[in-house]
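Engineer: Generate a structure from the sequence data that follows.
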Amino acid sequence: MPAKLKIGKLVVIGVGLIGGSFALALKKARAVKQVTGVGRTRRNLAVARRLGIIDEALADAARAVEEADFVLLGTPVGQMAEVMASIAPHLPAHAVITDGGSTKQDVIACARRFLGSHFARFVPAHPIAGTERSGAAAAQADLYRDRTVILTPQPETTARAGRTVRAAWQQCGARVIELDAKEHDEMFAAVSHLPHVVAFALVNALAQRPGARKLFGFSGAGLRDTVRIAGSSPEMWRDICLANRAALLDALEGYEAEIERVRAAIESGDGAALGKMFEQARAVRSEWLLGKQR
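Structural biologist: Numbering: from 1, shown residues only. Okay, the predicted model is just below:
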């Protein structure tokens, strides 16, 4: 059972799918008394208020965190440095901070640089959950239930901060594990960041073909399922790609090599090689999905 948690004031900076779902889940678990939301647009904050995700909306992150007990940074990773620099002088000495970014080494570097003495109470996190939708309207109270949340605490991280952040994600229904930040970024470059890049690139490639409108009109479930994640936030994925550049470039190199192998087999009419590659991929996929069901 997750540790009992009671947060007085939760501040969510970036009330979108990740931040909004975090707030809703903690409200549902009765683990938070008040939620203050910070965002760039009044419209999104108004939606968050109307849906009961937040109790108070503010545009100024520095003002919002002044009496915070817990702060979640739910912005795209490219905005983390600016937000951290803004809130650091105003954070209470007891406040615990976490984030929901898909890259960790860059976020940790920003926190180490900008949070100052508060860095010891910052616990980097990455919830492995989401949809292609974004904004407060996409938030779901059960988004994290039975999903994995990865924490990448640092040597300076206090035990209290670690326990508090772990308990918060567990109250959301998540399974919490810890990883090294470098290992995290290398893994997710391959299994998350690369697939998103491929989906965006495939849509663009098809859109540039003659008669693209007619082409999309005849497409079926195969294309729709393959490019579903191309509906994700362009800003968020731009930032992720740049933040995890080295690991993503390595993953792209491996993917390009595999595409070239397929191309060569098709060009030479080598049905045996093509069939072997497809059968191998099918077997790996089946084993992977079977493992997820256990």
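
Engineer: Now do the most centrally placed residue in the chain against His118, distance only.
Structural biologist: The centroid of the chain falls nearest to Ser102 when counting by C-alpha atoms, centre = their mean (4.2 Å). Distance, Ser102 to His118, by C-beta to C-beta, to the nearest Å: 22 Å. Backbone N, C-alpha and C define where each C-beta goes, glycine included.

Engineer: shouldn't Ala199 be in contact with Ala230?
Structural biologist: Yes - under the criterion of C-beta atoms under 8 Å, Ala199 makes contact with Ala230 at 4.1 Å.

Engineer: contacting residues for the residue nearest to the centre of the chain?
Structural biologist: Ser102 makes contact with Val77, His126, Phe188, Ser192, His193, Met236, Ile240, Asn244, according to C-beta atoms under 8 Å, 6 or more residues apart in numbering.

Engineer: and it, which of the three is it?
Structural biologist: Judged by DSSP: H, G, I helix; E, B strand; the rest coil, the three-state class of Ser102 is coil.

Engineer: Just give the nearest non-adjacent residue to Pro234, would you?
Structural biologist: Nearest non-adjacent residue to Pro234, counting by C-beta to C-beta, 6 or more residues apart in numbering: Phe200, 8.0 Å away.

Engineer: Now Ile150: closest residue in space that isn't a chain neighbour?
Structural biologist: Excluding its sequence neighbours, the residue lying closest to Ile150 (C-beta to C-beta, 6+ apart) is His126, at 4.6 Å.

Engineer: name the element that neighbour belongs to?
Structural biologist: Per DSSP states H and E: His126 is located in strand 125-127.

Engineer: So what are the sheet partners of that strand and their directions?
Structural biologist: If you go by DSSP bridges, strand 125-127 pairs up with strand 148-151 (antiparallel).

Engineer: what comes up buried for the strand it pairs with?
Structural biologist: Residues Val149, Ile150, Leu151 are the ones in strand 148-151 that count as buried (16 or more other C-beta atoms under 10 Å).

Engineer: in the stretch 1-150 of the chain, which spans are helices?
Structural biologist: For the stretch 1-150 of the chain, helices defined by DSSP state H, counting those that start in this stretch occupy the ranges 17-28, 42-50, 61-64, 80-87, 105-114.

Engineer: Turn those into CSV, columns for mean neighbour count.
Structural biologist: Below are these laid out as CSV (neighbours: other C-beta atoms under 10 Å):
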stretch, mean neighbour count
helix 17-28, 26
helix 42-50, 17
helix 61-64, 18
helix 80-87, 20
helix 105-114, 19
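
Engineer: can you count the residues close to Gly271?
Structural biologist: Each residue near Gly271 was counted by other C-beta atoms under 10 Å, and the total is 10.

Engineer: Find the nearest non-adjacent residue to it, please.
Structural biologist: Nearest residue to Gly271, sequence neighbours excluded (C-beta to C-beta, 6+ apart): Ala265, at 8.0 Å.

Engineer: go on, Ala189?
Structural biologist: Excluding its sequence neighbours, the residue lying closest to Ala189 (C-beta to C-beta, 6+ apart) is Ala247, at 3.6 Å.

Engineer: hmm, back to that, SS state for the residue nearest to Pro234?
Structural biologist: Assignment for Phe200 (three-state DSSP): helix.

Engineer: so how far is Glu186 from it?
Structural biologist: With distances taken as C-beta to C-beta, Phe200 is found 21 Å from Glu186.

Engineer: right, and the residue nearest to Gly271 touches Met277 too?
Structural biologist: Yes - with contact defined as C-beta under 8 Å, Ala265 reaches Met277; the gap is 6.9 Å.
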